[in-house]
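Visitor: Quick one: sequence and predicted model below, then my questions.
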Amino acid sequence: MASLELRSVSKAFKTGKVLDDVSLAADEGEIICVFGPSGAGKTVLLRLIAGVEPVDDGAILLEGRDVTDTAPEMRGVGMAFQNFALFPHLSAFDNVASPLTARRATPETIRAKVGKVASLLKIDHVLGHAPRELSNGQKQRTALARALVADPKILLLDDPLRNVDAKLRYEMRLELPALLRSSGSTVLYVTQDYKEAMALGDRIAVLLEGSLAQVAKPAEIYREPASLGVARLFGDPAINLIPVEPLASPSGPKIGIGGASLSLPASYTHAIGKHCMLGLRPESILLGSHPSPESFDVDLVAATPLNEKTLLLLRTADGRELLASEPSADEAPRRHGPAYARFDPSAILLFDAASGRRIAPQSA
Amino acid sequence: MEHTSLLEKTLRGALLALIVIFFLFPIFWILLMSFQTNEEILRIPPSLFFTPTLSNYAALITGKLTTAAGTLDIAFMKNLWNSVLLSTASVAIALVLGVPAAYAFARFKFRLGEDIAFTLLSFRFAPPLLVLLPLSLYFQDLGLTDTYTGLVWVYQLIALPLILWIVRGYFEDISPDIEHAYRVAGHSWWRTFTRIAVPLARPGIAAAGLLAFIFCWNNFVFALILASADKQPVTVGALAFVTASGIQYGQIAAAIVLSVTPTLALALYAQRYLVEGLSLGAVKG
Amino acid sequence: MPDIALSLNNVDKVYQRRGRPPVHAVKALSMTVERGEIVALLGSSGCGKTSTLRMIAGFEAVSNGDIAIAARRIDQLPPARRGVAMAFEGYSLYPPLTVRDNIAFALKSARLNAKEVEKSVAEISRLVEIEEILDRYPSSISGGQQQRASLARALVRRADLYLLDEPMGQLEPQLRAVLRARLKSLLVERRMTSIFVTHDQTEANALADRIAVMEGGLLQQFASQKELREKPANLFVATFIGEPPMNVFEAAVENRESMRFAVKDGPTFDFASAELPPNVRQAIGGRDRAVIGIRPHAIRLGAGANEARIVSNQWLGDQSHLAMDVAGKLLVAVSHKPIAAKAGEAIRYGVGAADLHVFDAATAAAVSHGLETA
């Protein structure tokens, strides 16, 4: 029995359909990151599961129980909101204790449980403060503590790190997995940051325009995205997309980039004749100062550093802009001007231009 | 960038003083009059120096007015008590009805919600004279004339719209997620209303209640037409000083001072909330 | 002789508040910017960077010190007479004009004929990708589009100095990378001296020639991003710069024939006398305590004198972030390849002498960076 299950859930607002026939099943203790661009419906999904909004269609099952029509206070989930939603007129302690008072726990139990979760999240020294006296990081941890304190079977976290500064966000990204796993809850974690999704999720559910484009392990989504839309969302900077139409040739399928004719692996023979989009991740474009058989001419227009890598803005002969990246070398930065680019054939992605779906390589 | 010249400062001070005098002078004058006898008040030229007397207040409190024509019974203290009773009861009932209604308007989107809300607000704008004749007829039929119940009911026309509009604004200001969080934590919607929504809207509720009290207290027309002597509030009771033997300015002044003091004190005490409440009502409207 | 475009001399900014103590937002700030240079003011919120930019623009008065553009003192001049072009949050587009007219308006004083104006507007809108919304009104476009239009308006003019306040804060990450590259290209091509404020290091790194790191109103370090990363002037810069930032630990120091840094309840790093040059050893001197710093990319994994338990191993598609439990804190290592190790396992690690940074335990100032003194 799945711990959390969504069956064909749909939801529309006056502005339009936000969720369209979404189905998902999470195992007990699993962490699923719901990821997608803003407006895709991620927050709405969490609110439907929490019971804060009613579904239009479909069913929600928690621990096998159909809760689609159950009031939120009876669902027994823990939820942390994006803007913290702390009760301003209660102390941090009372905020965290709120799920326990609802379950009529004794004062001793409350003290014990609140103390435990507060020390885990390192907010035990500010429990007596009012929310407005807390820093953003402390507010976020208080909201998280409130969601965790009653040991809920299902934990819903709505982009909890969004309103927190970059440094703290990074630290939490390192600490959260262990914290969430030790709680044993099934977790649905909403985020707009693909790195967060990859770092935290056992699986990632990619929500695009109201429906699930792909649900898979992080590495799989990065290497084998189901569609153009998914591929664009993962990777910083974003993947380069070039329209190509593979042609047959004695040495296998060939495509044209920037006036040059380049080989595709034979496993893409079935893509010949189709209108496709070639996906090249920046790290798979290699730049050299001398031409080679599989290279195409480019003009290196700009080189901007990005952490320990360098981003290279390239312009092909037909005016297309491509972004390549390479680990920064200690020597002098690359000079602008003509260069020769080639791609790593094992790392390419090919998509059908019309449907956007990925064309998987086929072994002969 | 921050220098204001001495000239500007003096001009500003003078202007402010003028405005203050303009608004406060009548109140000051009334206060003075309340300590003067009728003869002193009517003396020409008027003088600032006089021996203060408490006879006006004494007359009001004891209920006996001695004039040239004889002794009159004045029911001023009863009027004062009526004002207190009517205003307090009206506001209390309006709060009990209005606060949950305001919450419903703020949180639940139901059909015609905006239309109903606007209709209720329009009651504030309707001139009382418009409804007075039909009301007095209804009251006679229902036997509500000259009853506290009847007056409190009519006063809802004054108090309810005010409370609805101000308190709704405050409820709307509370982020819905705070209430959602409380419900997801396991509390029913009633507990959410009483433990989260109402406490957080308390400044608005207090402001609305205060304003409603002041407006009810100041009401004249309803009480004049729909009640008679022993149920009338101070606003109407002041008319008693226009006697056959002349207008008793001294007692009127004292009556005014006594009538205005409670609401003035309340307003001064809670002025910050009142300004907030008033502007919120205006903006959200 | 460098061509100084902007200089700030001992600039202070104190905000006086009624009934509350004054806030000293900027303290004795001195810096010079050369013509054509792109400078980033980087720091967390409240560090003084926005106050500094506003003082240069003329929206805030200088409490002390002076500001000069091309050797001409400007701190007493109103914003319009300073010869600066700006894109500020809140300095928004004029609602009754279309986006096109908004941008063209900035060229009014440039005395160009209609054709040249149109050409400039087209060029700049192509750069920030707002060509489709040129004929819309500000109220009908999204926040991100408004921001790009505001940027276009600032950049289309010829000015002595360009001031940009968080120019890309509202944009999606994908768009940001492309726009950054194009913006940099434009700024460099036209030698536009520009100063922009950001709290995002990636942006600062991508665009700026030099970055001024600020904290608590004080300028911490003003240098290229390479220098900030490789030679941070103090602990604040060291732990602020970098994603992830430098790992720092307090250590007991033994400076005898060999050099030893012993972290309490943690690893010990030993270096033979030949590994560290004499001037570095002299700079470290007789200290018995210091703070050591190691950059995440510089940690050698899989072999070394120390061992730690892995707390998390995150593969982000193009790099691995490995966090280890060291002395009660997290030591973060980054690699461009996946690391085959799971949370809970032990892993060996080491640090080369050339990658060790030493800071003074009391003043937090840098003492040495690898094989060079600070």
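Guide: All right, it came through fine. Numbering: from 1, shown residues only, chains lettered A, B, ... in the order given.
Visitor: Who are the contact partners of residue 68?
Guide: Because you didn't say which chain, this covers chain A. A:T68 makes contact with A:55, A:58-60, according to Cβ atoms under 8 Å, 6 or more residues apart in numbering or on different chains. All C-beta atoms are positioned from the backbone trio N, CA, C, and that covers glycine.
Visitor: wait, chain C
Guide: C:6-7, C:9, C:74-75.
Visitor: swap in C:L171?
Guide: C:144, C:147-148, C:179.
Visitor: so where does the residue of chain C at minimum distance from chain B fall, helix or strand?
Guide: Closest contact between chain C and chain B, by Cβ to the nearest Cβ, is at C:A61 (6.0 Å). Using DSSP states H and E, C:A61 sits within no helix or strand.
Visitor: Between the contacts of C:A68, which sits nearest B:F105?
Guide: Distance to B:F105, by Cβ to Cβ, is smallest for C:D75 among the contacts of C:A68, at 53.5 Å.
Visitor: Would you map out the domains in chain A?
Guide: Taking automatic domain parsing as the criterion, chain A consists of the domains A:4-228, A:240-352.
Visitor: hang on, A:S267 in a helix?
Guide: Yes - under DSSP: H, G, I helix; E, B strand; the rest coil, A:S267 falls within a helix.
Visitor: Tell me which residues touch the residue positioned nearest the centre of chain B, please.
Guide: Against the mean C-alpha coordinate of chain B, by Cα atoms, centre = their mean, the closest residue is B:I214 at 1.4 Å. Residues in contact with B:I214 (Cβ under 8 Å, 6+ apart) are B:263, B:266-267.
Visitor: how does it look with 10 Å?
Guide: With contact taken as Cβ atoms under 10 Å, 6 or more residues apart in numbering or on different chains, B:I214 is in contact with B:87, B:91, B:162, B:262-264, B:266-267, B:274.
Visitor: Now do the same for the residue of chain B found nearest chain A: helix, strand or coil?
Guide: Ranked by Cβ to the nearest Cβ, the top residue of chain B for proximity to chain A is B:G186, at 2.9 Å. Judged by three-state DSSP, the three-state class of B:G186 is coil.
Visitor: Okay, now the unreliable bits of the stretch 51-200 of chain C?
Guide: C:90-91, C:170, C:172-174 (pLDDT under 70).
Visitor: all helices in it, in order from the N-terminus.
Guide: C:99-105, C:114-127, C:143-156, C:173-189 (DSSP state H, counting those that start in this stretch).
Visitor: my guess is B:P161 contacts B:L120, does it?
Guide: Yes - if you go by Cβ atoms under 10 Å, B:P161 and B:L120 touch, sitting 5.1 Å apart.
Visitor: which residues of chain B fall in strands?
Guide: B:64-67, B:70-73, B:242-243, B:246-247 (DSSP state E).
Visitor: Could you pull up the residues touching the residue found closest to A:I255 once you drop the neighbours it is linked to in the chain?
Guide: Once flanking residues are discounted, A:I255 sits nearest to A:V244: 4.0 Å by Cβ to Cβ, 6 or more residues apart in numbering or on different chains. By Cβ under 10 Å, 6+ apart, the contact list for A:V244 reads A:253-257, A:262, A:264, A:271, A:274-278, A:350, A:353.
Visitor: Give me the subset of the residues you listed lying in strands.
Guide: Per DSSP E, the contacts of A:V244 map to strands at A:254-257, A:262, A:276-278, A:350.
Visitor: List just the nearest of those residues to B:Y182.
Guide: Nearest to B:Y182 among those: A:M277, at 48.1 Å, using Cβ to Cβ.
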